[in-house]
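S.K.: Predicted model follows, preceded by the sequence.
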Amino acid sequence: MRYFLILLLAAFAAPVRAQNTPPPVADKDIRLQTPEELTRTAASLEEAVRLKPADVDLQVKLGFTYTRLGKADEAQKAFESAAALDPKKAIAHYMLGLIYEKKELKDKAVAAWKACLASAAEPRLRETALKHLNNLTAR
């Protein structure tokens with residue numbers, strides 16, 4: 001009887017652990033994914049974010065996936081979440097700057113580029129942020 005209970009417990013423990021583990025996200029570079037693969041990757045990332053909403057890197061990956069799918073509003077939300085979770089996440093501010101510019105939200109774009117410039121350690125990000133900031137403030 002004891003062995004039966006142990007087997008029963010083991011059988012139910014595996015599915016419980018599986019529910020608390022984020023689903024695997026496609027390892028294939030999103031730049032190389034087909035629209036169908038991107039849609040599956042987005043669904044996987046959405047579930048992963050649901051399980052780990054404070055994971056900044058998942059938010060950023062989701063934002064890039066939505067960007068590749070042409071879903072600007074969803075990408076914006078993901079990058080805003082990443083920037084809120086980690087205000088020094090330069091790439092989130094960078095992408096927000098691009099999205100806000102495309103949507104003609106000048107004040108938000110300027111703020112995003114300033115935040116990117118303040119937090120970016122990479123010279124290319126800093127250079128691009130400065131160019132965008134100068135273009136926006138020159139108008």
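M.R.: Cool, the structure landed.

S.K.: Tell me, please, the helix or strand in the protein that averages the lowest pLDDT.
M.R.: One helix or strand of the chain scores below all others by mean pLDDT, DSSP states H and E: helix 2-20, with a mean of 41.

S.K.: tell me which residues of whichever helix or strand comes after that one are tucked away?
M.R.: Using DSSP states H and E, the helix or strand that follows helix 2-20 in sequence is helix 35-51. Residues 38, 41-42, 44-46, 48-49 are the ones in helix 35-51 that count as buried (16 or more other CB atoms under 10 Å). Where you see a C-beta, it was placed from the backbone N, CA and C, and this is true even at glycine.

S.K.: helices or strands up against helix 35-51?
M.R.: When contacts are defined as 3 or more CB pairs under 8 Å, 6 or more residues apart in numbering; DSSP states H and E, helix 35-51 sits against helix 56-68.

S.K.: pLDDT (mean, whole number) over the helix it packs on?
M.R.: Across helix 56-68, pLDDT averages out at 97.

S.K.: Alpha carbons of it, in PDB - could you do that?
M.R.: Only the C-alpha atoms of helix 56-68 are listed here, as PDB (Å, rounded to 0.1, in the frame of the first residue of the first chain):
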ATOM      1  CA  VAL A  56      13.200  41.500 -17.900                       C
ATOM      2  CA  ASP A  57      14.900  39.400 -20.600                       C
ATOM      3  CA  LEU A  58      11.700  37.500 -21.400                       C
ATOM      4  CA  GLN A  59       9.900  40.900 -21.800                       C
ATOM      5  CA  VAL A  60      12.600  42.100 -24.200                       C
ATOM      6  CA  LYS A  61      12.500  38.800 -26.200                       C
ATOM      7  CA  LEU A  62       8.700  39.100 -26.400                       C
ATOM      8  CA  GLY A  63       9.000  42.700 -27.600                       C
ATOM      9  CA  PHE A  64      11.400  41.800 -30.300                       C
ATOM     10  CA  THR A  65       9.200  38.900 -31.400                       C
ATOM     11  CA  TYR A  66       6.200  41.200 -31.600                       C
ATOM     12  CA  THR A  67       8.300  43.700 -33.600                       C
ATOM     13  CA  ARG A  68       9.100  41.000 -36.100                       C
END
